[in-house]
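Please work out how this folds:
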Amino acid sequence: MSKENENQNLPPEYLPVVQMAKKEDSLRAAMLSMKSKIMTAACEEFYEWPVEKQDRFLERAIISIAKDEKLIPCFESTEGKLSIIKAFESMVSTCLEIDGKHAYLVPQNRNTKRKDKNAKDIWVTEIRFSIKDVGYFALLCGGKYPIFKDLRWNQVYKNETSNVVIDSGTGEVKHPQFLGEDKGDMIGCWVQIIKMNGQKEVTFFPMKKINKWRDDSDAYQFAIKNKYSTPWIDWPEEMAMQSCIRHMCSKYEKARELLKSAIYDDNEKQETTEKTSMEKIDQALTKTNSVPAEEPVQPPEVKETVQAGELFAEEKEDDPLDIF
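Got it, this is the predicted structure:
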């Protein structure tokens with residue numbers, strides 16, 4: 001199907017977006033034409049901002065995208081340009097700016113998986129809205145409507161496991177500063193949630209689980225095959241920590257709904273009852289890529305206080321090839 005025919009299938013209001021260039025004025029005009037649709041994704045807090053503050057927020061995002069050279073490939077396809085809409089929806093649904101402190105935008109390769117089974121895979125580069133670990137704290141514990149009282153996390157390394165104690169019964173964690181010279185390789189991450197009533201819950205995520213999330217990513221597989229850059233390769237420990245925080249918080253309905261509206265990731269398998277704007281666009285572009293809902297992450301079945309090394313030892317039995 002030609003680009004002209006694809007664009008004819010799109011709702012008319014999306015045409016200014018697919019026709020835009022990666023220039024500040026063109027991007028501004030296209031996004032302003034879509035403002036009413038973008039605002040349908042806005043969270044309550046964003047709606048309560050004065051209009052002037054909303055406009056300044058969107059303007060800073062427009063300037064940032066226009067100046068970011070890493071996003072140039074995202075303007076080379078219809079799908080890439082339309083992914084900018086989702087990025088703006090993510091911004092207004094979280095009130096997180098793409099300033100590198102709490103959130104940022106990265107190019108992500110995705111297989112469009114056309115209906116034509118005889119056609120070759122078509123890879124496009126889209127914009128991905130990514131939240132940093134401190135961004136999750138700001139989103140879920142800060143602002144006017146916090147979901148959790150506190151959110152804490154850390155990576156665990158092989159040579160410090162004897163000092164790391166995780167009590168899944170009380171939700172307490174003891175993770176003192178490592179004073180040695182070599183921490184060794186990372187063996188997993190823990191995430192602790194403190195609810196509004198003060199109750200604590202903690203989960204340790206071993207590398208076996210984290211690596212499975214990574215390996216399920218189309219973008220990661222594309223990068224490995226084509227020697228391309230991707231966050232899982234450039235910042236593996238940071239991506240591991242972000243993924244653990246996201247999976248831990250997604251066990252809670254309010255947090256899950258907030259994150260589902262804010263984040264699109266090609267290895268996130270989520271159920272939804274209503275099509276998002278990008279899903280409607282995908283349908284217009286004759287894409288089919290339905291995936292089953294991911295099973296909710298369950299904490300390790302540990303009934304007493306244990307060390308992180310012992311938690312990992314239980315996982316090791318299932319994977320004798322694990323180097324740890």
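
contacts and neighbour counts: CA atoms only from here.
OK.

quick one, what contacts V92?
In this structure, V92 makes contact with 38-39, 41-43, 46, judged by Cα atoms under 8 Å, 6 or more residues apart in numbering.

will you turn the residues you listed into a markdown table that also has neighbour count and secondary structure?
Below are the contacts of V92 laid out as a markdown table (neighbours: other Cα atoms under 10 Å; DSSP: H, G, I helix; E, B strand; the rest coil):
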| residue | neighbour count | secondary structure |
| --- | --- | --- |
| I38 | 21 | helix |
| M39 | 16 | helix |
| A41 | 21 | coil |
| A42 | 21 | coil |
| C43 | 18 | coil |
| F46 | 19 | helix |
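
from these, which single one is nearest E160?
Of all these, E160 sits closest to C43, with 40.9 Å by Cα to Cα.

quick one: contacts for the closest one?
If you count contacts by Cα under 8 Å, 6+ apart, C43 has them with 92-95.

And the helices in the stretch 151-300 of the chain?
Under the criterion DSSP state H, counting those that start in this stretch, the stretch 151-300 of the chain contains helices at 207-215, 218-226, 231-234, 236-249, 253-262, 277-284.

Sticking with R28, tell me its helix or strand.
Under the criterion DSSP states H and E, the helix or strand holding R28 is helix 24-33.

So which other helices or strands are in contact with that helix?
Applying 3 or more Cα pairs under 8 Å, 6 or more residues apart in numbering; DSSP states H and E, one finds that helix 24-33 makes contact with helix 15-18, helix 51-67.

Sheet partners, orientation included, of the helix or strand encompassing V124?
Element membership for V124 (DSSP H and E) is strand 123-131. In the sheet, strand 123-131 lines up against strand 103-111 (antiparallel) (DSSP bridges).

residues near S162, how many?
Using other Cα atoms under 10 Å, S162 is surrounded by 12 other residues.

Over to G135?
Neighbours of G135 (other Cα under 10 Å): 21.

Spatially nearest residue to it, not counting backbone neighbours?
Sequence neighbours aside, H102 is the residue nearest to G135 in space, at 3.9 Å (criterion: Cα to Cα, 6 or more residues apart in numbering).

again with C189
Among residues not flanking C189 along the chain, Q155 sits closest, at 4.3 Å (Cα to Cα, 6+ apart).

one step back: reformat the contacts of C43 as TSV; add secondary structure, pLDDT and distance to L71.
TSV is the format used below for the contacts of C43 (DSSP: H, G, I helix; E, B strand; the rest coil; pLDDT from 0 to 100; distance: Cα to Cα, whole Å):
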residue	secondary structure	pLDDT	distance to L71
V92	helix	93	20
S93	helix	92	22
T94	helix	91	21
C95	coil	92	21
